[in-house]
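> Here is my input; please provide its structure:
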Amino acid sequence: MDRARTCADNFPDAIRDESVPIFTQPVYAKNVARSSEGNYSSGVASTTPRDEQFMRVALKEAEKALGRTSPNPAVGAVLVVGDRVVARGHHRGAGHEHAEVECLRTFGAKLPARATLYVTLEPCSTFGRTTPCTNAIIKAGVKNVVIGAVDVNPRHSGRGIAQLRTAGIKVREGILTKECARLNEAFNKWIVNRRPFVIAKCGMSLDGRLTRPPGEPHWITDSAARRDAHQLRAYVDAILVGAETVRTDNPRLTPRGVHGARQPWRVVLTRSGGLPRRAHLFRDRFAMRTLIYKGKPLAAVLKDLGRRSVTSVLIEGGGKVLGEALDARLIDKVQIYLGSILTGGPAIAFSGRGAGTTANAIHLNRVCYQQIGQGVCITAYPQGLVPE
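Numbers count the residues shown, from 1 in each chain. You can find the predicted model right below:
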């Protein structure tokens, strides 16, 4: 598969492969300083190449958890002695050991005083399904901890760092903060305002169509783009479509081909309730994971999904639903697979009211272009959207 990636927001880093979803949302936690990048830190770290090197290893460990931990964040940890990683860990799901605890258990021996624990997110400091990670770190005798991002969860933010320092542990935070915060963009939004992070995704022709002319095969993108889209499905909690998409395409909305992926909720919006009973969504082995909302505006549906602990929603169409999301300014991120074809098909992507003037148009930040197969995947974040 041919791949090339260019990110307009950070051009010097364009050659770096960042193949996982990039998660950041400007939400604010109490008593936590916010940098100009929209990231979170209780202080400014004195970053060293060594710290960045091992934090990147912890990030790779955290990436293993993407799509598997919701409604918890994805976290990775590594234990370093000298210049060698001696243990690794990542959070494997709600109710399972957190990354720090798994890492320390994996080491399974008395820690030397020079050992340093690197963790992508501030250790939790409260009791939940598991005991506080700060307790485990202190009990294990860790003397040095390096933290990527401060937790924006109001229950935890800054408290874990304070507990570790009170116990005499040397703590440095803010190492690769942007990368660590981006890993959990969905969690960061949901944990603060209980609204899911919304990704608008579609396969679109060069002339802005979602379909080919009637009677032709319906694929706009090639198989490489579709494989990538299935990977994206594996990272989210819910996939949302309109009733017309169900009637026309009879989609399965599954993360096919992604080993070990959880099946997201499948959400259908309908005005009339007249849905085909034999649709895959209602008859396959994941039928219990299908939710139907009749006569509800999209904003109300998203609010209800947030109450169900759905932290991320992937809107896959059709054009009317995408347009409603855009007009209501509910989209946090767009991921558009641009096929190398001009179709003239009937279904227009984002067929909402649109912007009355160019001044009112939605502008995009952090735009990235990635060649996938013969097409291009465009990933970007709408600038400064406030929901209507």
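
> Okay, helices next: where are they in the stretch 151-300 of the chain?
Along the stretch 151-300 of the chain, counting by DSSP state H, counting those that start in this stretch, helices occupy 159-166, 177-182, 185-193, 223-235, 243-249, 280-283, 298-307.

> In TSV, list these along with distance to Cys133 and mean pLDDT.
For glycine as for every other residue, the C-beta is placed from the backbone atoms N, C-alpha and C. As requested, the helices of the stretch 151-300 of the chain are exported to TSV (distance: least, CB to CB, whole Å; pLDDT from 0 to 100):
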stretch	distance to Cys133	mean pLDDT
helix 159-166	7	96
helix 177-182	16	95
helix 185-193	16	96
helix 223-235	24	96
helix 243-249	42	93
helix 280-283	39	96
helix 298-307	26	98
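
> the strands in the stretch 51-200 of the chain, which residues?
Taking DSSP state E, counting those that start in this stretch, the strands of the stretch 51-200 of the chain run over residues 76-81, 84-90, 116-121, 144-149, 170-173, 197-204.

> Could you export the ones you listed to a markdown table, including columns for mean neighbour count, distance to Val301 and mean pLDDT?
Output for those, formatted as a markdown table (neighbours: other CB atoms under 10 Å; distance: least, CB to CB, whole Å; pLDDT from 0 to 100):
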| stretch | mean neighbour count | distance to Val301 | mean pLDDT |
| --- | --- | --- | --- |
| strand 76-81 | 24 | 33 | 98 |
| strand 84-90 | 19 | 32 | 97 |
| strand 116-121 | 29 | 29 | 98 |
| strand 144-149 | 26 | 30 | 98 |
| strand 170-173 | 19 | 37 | 96 |
| strand 197-204 | 25 | 11 | 96 |
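
> for His96, what are its contacts?
Shown in contact with His96 (CB atoms under 8 Å, 6 or more residues apart in numbering): Thr130.

> could I get the strands of the stretch 51-200 of the chain as TSV with distance to His363?
Compiled in TSV, these are given as follows (distance: least, CB to CB, whole Å):
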stretch	distance to His363
strand 76-81	33
strand 84-90	36
strand 116-121	30
strand 144-149	26
strand 170-173	32
strand 197-204	15
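
> leaving aside the residues next to it on the chain, what's closest to Leu176?
Using CB to CB, 6 or more residues apart in numbering and skipping the chain neighbours, the partner closest in space to Leu176 is Met55 (4.7 Å).

> Return the set of residues that bridge with Ile147.
Beta bridges link Ile147 to Val119, Glu173 when assigned by DSSP bridges.

> err, Asn365, not the other one
According to DSSP bridges, the partner residues bridging Asn365 are Tyr381.

> where in this structure is pLDDT low?
Counting by pLDDT under 70, the ranges of the chain that qualify are 1-46, 385-388.

> ok, back up a step: tell me which of the strands of the stretch 51-200 of the chain sits nearest to Lys320.
strand 197-204 (12.1 Å; CB to CB).

> Ok, which of the strands of the stretch 51-200 of the chain comes nearest Lys189?
strand 197-204 (4.7 Å).

> how about the strands of the stretch 51-200 of the chain, which one is nearest Thr47?
Of all the strands of the stretch 51-200 of the chain, strand 170-173 comes closest under CB to CB, at 8.5 Å.

> What is the closest one packed up against?
When contacts are defined as 3 or more CB pairs under 8 Å, 6 or more residues apart in numbering; DSSP states H and E, strand 170-173 sits against strand 144-149, helix 159-166.

> C-alpha coordinates for the shortest one, CSV please?
Once non-C-alpha atoms are left out, strand 144-149 reads as follows in CSV (Å, rounded to 0.1, in the frame of the first residue of the first chain):
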residue,chain,number,x,y,z
ASN,A,144,11.5,8.7,39.7
VAL,A,145,8.4,9.2,37.5
VAL,A,146,8.1,11.0,34.2
ILE,A,147,4.6,11.9,33.0
GLY,A,148,3.4,12.9,29.5
ALA,A,149,0.0,14.6,29.9
